[in-house]
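> Would you be able to build a 3D model of this:
(2 chains)
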Amino acid sequence: MDKIKTIRGMHDIHGLEFLHQKQIIELFESVANNFNFKPIATPIMEFNEIFVRTLGLSSDVVMKEMYTLLDRNNQKLTLRPEGTAGIARAIISSGLTQDIPLKFYYYGPMFRYERPQKGRLRQFTQVGVEVYANSNIEKDFEVISLAEKFLKDLNIRDNLTLKINNLGNWEDRKTYTKELKKYYSEFKNDLSEDSIIRLEKNPLRILDSKNLEDIEVNKNAPKINEYLSDNNKSIFIRLKAMLEDFNISFEEDPFLVRGLDYYSNTIFEFALKTDSKFAILAGGTYDNLISELGGPKLSGTGWAAGLERLTQLVDFMEKDSQQILIVPLEKKFINAAYEIRQIFLNTKFSSEVIINKNLKKSLKYGNKISADYAILIGEEEINNKIYTIKNLNTGNQNKVKKSLILEFFENA
RNA sequence: GCGACUGUAGCUCAGUUGGUUAGAGCGCUGGUUUGUGGUACCGGAGGCCGUGGGUUCGAAACCCAUCAGUCGCCCCA
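Take a look at the predicted model:
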């Protein structure tokens, strides 16, 4: 029997890392609430087909990265690789199409069967938002400005570049892809090995290749904006104008492409300035997602951000609440200690009772957990009904009546 | 899916060209006249040297496989 261990790319989260993640999620929730988005949680497993139909059979995620398992009934179930498909399914199967516009936020674990490396795990966490509406809401702008606010509040916006592009609708893309194929075929000998495969599979992906030879070929490749329909062109122009009006800095990137097939029209990503292929938050519009799953024609826009990637970027301020250690000096004072403990139970203070053979040990424990105060309870304190409060940072001690203890800490 | 490097106590690592009962620091735990710590001293526990196989009189060290970690590529958040 092998040593017990976690599954590859799946880790336990505890201590500081847990608290950091929690802090980001709480901030995310408050920003989303501020934009009047509502929470939603969908199951972490769906029928395999949900993802195959939405993400696209040819996408890498579906082809080689899905955690698909058979249950006891031989049904093909998949651990969700992303959040959008499940929410789209929920909108249809819960009849939420009666309530549009819909503005949702979510967070939770996602699963992708990939080789673990920097910023990539098999189980990871995404926070994300979705807007489903017809034309009465500026979805793209709404969702991007939410992201902007979120990243600013995290104090990492300056590390990131917002890149945007418009892929056009299905028709636009079809003609564009044809043109691309034609162009790349002429330069087939100059393309990288990977891109020669892409040429057959999905020529759009050659555009965001990081291979130097490909980048050279890309310089003269036809640009998507030349193939946009008038309607999509004006959507894109309006979005850019709004971003400018509201001081959201961005770069138009005609080479920006997304790997999931459901995107159309606007796509965007916030990527590291220092490593532009490392996306922190990314998303776009999906015009055909709901209808693809058998629902009505309803367009959505959304994004997702990798919580673990965010955690690596954010500078956390350790805002620990005041920790108070309650130390009975002998066993017979334990009850008295817990009575003092009662004082703190409905306050912002964290407190605990610890008893050791001697005070030294207890104070050492206080150092270990970096407690701020120790309340000492011994013969003297019990007899005089006055408790000794020791500030563990300064070493100062005060004698305080029981009825004034809470007041003491509130003013400390 | 492809590639590089790594895998010795809870953590960070030593372990000499293969040679007896595998080491350190930190941490943990117990004690040092039993009411004062964060900066003292003494003791203790804790490792089938990732796992399985092979080479050898002998392997933590060499070979193979496998699992895991880190980092690239593909792709993605």
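> and the residue nearest to A:Ile224 when sequence neighbours are not counted, backbone torsions?
Closest residue to A:Ile224 apart from its sequence neighbours, by CB to CB, 6 or more residues apart in numbering: A:Tyr176 at 5.4 Å. Any C-beta I mention is one placed from the backbone N, CA and C, and that applies to glycine too. As for A:Tyr176, its main-chain torsions (degrees, to the nearest 10) stand at phi -60, psi -50.
> what's near enough to touch A:Tyr176?
A:Gly168, A:Pro222, A:Ile224, A:Tyr227 (CB atoms under 8 Å, 6 or more residues apart in numbering).
> looking only at pLDDT, what's the mean for the helix or strand containing A:Thr125?
Assigned by DSSP states H and E, A:Thr125 belongs to strand A:123-132. Averaged across strand A:123-132, pLDDT comes to 97.
> for stretch A:387-396, same thing?
The average pLDDT for stretch A:387-396 rounds to 93.
> Then stretch A:76-84?
Averaging pLDDT along stretch A:76-84 gives 95.
> Quick check: buried residues in that stretch?
Going by neighbour count (16 or more other CB atoms under 10 Å), the buried part of stretch A:76-84 is A:Leu77, A:Thr78, A:Leu79, A:Arg80, A:Pro81, A:Glu82, A:Gly83, A:Thr84.
> Likewise for stretch A:195-204?
A:Ser195, A:Arg198, A:Leu199, A:Asn202, A:Pro203, A:Leu204.
> can you check stretch A:98-107 too?
If you call a residue buried by 16+ other CB under 10 Å, then stretch A:98-107 has these buried ones: A:Ile100, A:Leu102, A:Lys103, A:Phe104, A:Tyr105, A:Tyr106, A:Tyr107.
> returning to that earlier point: could you list the paired strands of the strand holding A:Thr125 along with their orientation?
strand A:102-111 (antiparallel), strand A:300-306 (antiparallel) (DSSP bridges).
> helix or strand right after the last one?
Just to be clear, that refers to strand A:300-306. Following strand A:300-306 in sequence, per DSSP H and E, is helix A:307-313.
> to the chain's geometric centre, what's the distance from that next one?
Mean-position distance between helix A:307-313 and its chain equals 8 Å (CA atoms, centre = their mean, to the nearest Å).
> What lies in contact with it?
Contacts for helix A:307-313 (CB under 8 Å, 6+ apart): A:17, A:20-21, A:24-25, A:107, A:119, A:121, A:124-127, A:154, A:156, A:159, A:278, A:280.
> near RNA strand B, from the residues you listed?
For RNA strand B, the contacts drawn from the contacts of helix A:307-313 by CB under 7 Å from any atom of the strand are A:Gly119, A:Leu121, A:Phe124, A:Gln126, A:Phe278, A:Ile280.
> ok so A:Asp261 is a helix residue?
No. A:Asp261: not assigned to a helix; according to DSSP: H, G, I helix; E, B strand; the rest coil it is coil.
> Excluding covalently adjacent residues, which one is nearest to it?
Using CB to CB, 6+ apart, the closest residue to A:Asp261 is A:Gly56 (2.7 Å).
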